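>>> Predicted model and sequence below, questions to follow.
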Amino acid sequence: MSLTVIIIAITVVISIAAFNNSRLMYQYILNPYTAHRRNEWWRLLTSGFLHGDFGHLFFNMFSLYIFGEGIEAYFHALYGAKADFFYLLLYLLGIIVANLPDTFSKKNNSGYNALGASGGVASVVFAFIMLEPTAKMGFIPLPPIIPAWIFGILYLLYSRYMAQKQYDNIGHTAHMWGALWGVVFMIITFPSIVQIFIQKIADSFQ
């Protein structure tokens, strides 16, 4: 069984359990006010295993499955015996890094809560983009017709815009920072990825 499937199974079980257990939900959801005042920093990670509803849960886990399986295969080729460790580092730190900006900017807002695996999922998606920049991707419900590297740029611009405007309750800041973590992670752990990334894009224009 792949790590991706194990992560999905754990997330689904915990999320569904929390749907009907408000005590469980509020014990592990990210509430920056509580995290700062009670030093409950585990919330930066545990909130990534909670979701608001079935739609939220399905979208994140479906996206993780689509990209996670491929990333695992790449990591086994790149990192060998350390592949599982690096995959967990990418995903789990993706959740934490994605939650950091709001954890500090919202620390005085006791009513602010955040949850969901979006930051971790975004880090996996953008690790894939670094590895396969010319693969075709798309925005649901549109078909995958955009080169991955262009999709990545559009995604970051959209997330930044929506984070500034705050039109909805979606954690666009977390999406953006999770995505950036995926890029940074690949550069740190596999520096050659920068040259490979550029070369693949250049080859696509020939």
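Thanks, I have it.

>>> make it CA atoms for all contacts and neighbour counts henceforth
OK.

>>> Just the helices from the chain, written as ranges.
For the chain, applying DSSP state H gives helices covering 3-19, 22-28, 32-38, 43-46, 54-79, 83-105, 118-131, 148-165, 172-189, 193-204.

>>> To F139, which of these lies closest?
Closest approach to F139 among those is made by helix 148-165 (8.3 Å; C-alpha to C-alpha).

>>> picking up where we left off before, closest to G138 out of the helices of the chain?
helix 148-165 (7.0 Å).

>>> buried residues in the closest one?
Residues of helix 148-165 classed as buried by neighbour count (16 or more other C-alpha atoms under 10 Å): A148, W149, F151, G152, Y155, L156, S159, R160, M162, A163.

>>> how about a markdown table for these, with pLDDT and distance to H76 added?
Shown next, in a markdown table, are the buried residues of helix 148-165 (pLDDT from 0 to 100; distance: C-alpha to C-alpha, whole Å):
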| residue | pLDDT | distance to H76 |
| --- | --- | --- |
| A148 | 95 | 22 |
| W149 | 96 | 23 |
| F151 | 93 | 25 |
| G152 | 95 | 24 |
| Y155 | 90 | 27 |
| L156 | 92 | 28 |
| S159 | 85 | 31 |
| R160 | 86 | 33 |
| M162 | 81 | 36 |
| A163 | 77 | 35 |
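
>>> tell me which residues of stretch 192-200 are tucked away?
I193, F197.

>>> Tell me the spacing between the residue lying closest to S159 once chain neighbours are set aside and F190.
Residue nearest to S159 in three dimensions, not counting chain neighbours: H172, with 5.0 Å by C-alpha to C-alpha, 6 or more residues apart in numbering. Using C-alpha to C-alpha, to the nearest Å, one gets 27 Å for the distance from H172 to F190.

>>> Those two - which one has more neighbours?
Remark: of H172 and F190, H172 carries more neighbours, 22 against 12, as counted by other C-alpha atoms under 10 Å.

>>> residues contacting the more buried one?
S159, R160, M162, A163 (C-alpha atoms under 8 Å, 6 or more residues apart in numbering).

>>> With S47 instead?
Y28, I29, L30, A114, L115, G116, A117.

>>> Of those, which is the most crowded?
Result: A117 is most packed of the contacts of S47 (other C-alpha under 10 Å), 30 neighbours.
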